[in-house]
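[1] Provided below for reference: sequence and predicted model.
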Amino acid sequence: MRGEAQAAGEGASRDLVAALKKNKKAQATFDAFSPSAKREYIEWITDAKSEHTRARRLETAVKWMAEGKHRNWKYM
């Protein structure tokens with residue numbers, strides 16, 4: 001079970017890297033984040049149970065990062 005979760009996390013990380021390469025503003029924001037802010041986004045994406053949800057969260061994350069927003073920007 002641990003192997004499956006780890007593999008899913010690695011796949012989501014590769015997807016995030018690929019999506020950020022397509023969006024320079026999001027990439028710049030992500031690079032400027034602290035390690036904990038990066039981890040919040042990565043964990044949010046990888047915690048999704050279905051591939052559909054993971055893809056939707058990835059799209060939302062890139063959009064928010066392009067706008068310069070942290071993961072929990074609504075509460076800041």
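    That came through fine.
[2] so how far is residue 49 from residue 69?
    Computed as CB to CB, to the nearest Å, the residue 69 to residue 49 distance reads 24 Å. The way it works is simple: take the backbone N, C-alpha and C, and place the C-beta from them, glycine included.
[3] How about residue 62?
    For residue 62, the distance to residue 49 - CB to CB - is 20 Å.
[4] Let me see the ranges of the helices in this protein.
    Ranges of helices within the chain are 2-22, 24-32, 35-46, 51-66, based on DSSP state H.
[5] in the second one, what counts as buried?
    In other words, helix 24-32. With burial defined by 16 or more other CB atoms under 10 Å, the residues of helix 24-32 counted as buried are 26, 27, 29, 30.
[6] Of those residues, just say which sits nearest to residue 13.
    residue 30 (11.9 Å; CB to CB).
[7] quick one, which of residue 62 and residue 49 is more surrounded?
    residue 62 (21 against 8; other CB atoms under 10 Å).
[8] isn't residue 23 right up against residue 66?
    Yes. Between residue 23 and residue 66 there is a contact at 5.4 Å, judged by CB atoms under 8 Å.
[9] need the contact list for residue 45.
    12, 15, 16, 54, 57, 58, 61 (CB atoms under 8 Å, 6 or more residues apart in numbering).
[10] separation between it and residue 26?
    Residue 45 is 13 Å from residue 26, where distance means CB to CB.
[11] Kindly report the same for residue 74.
    Applying CB to CB to residue 74 and residue 26 gives a distance of 18 Å.
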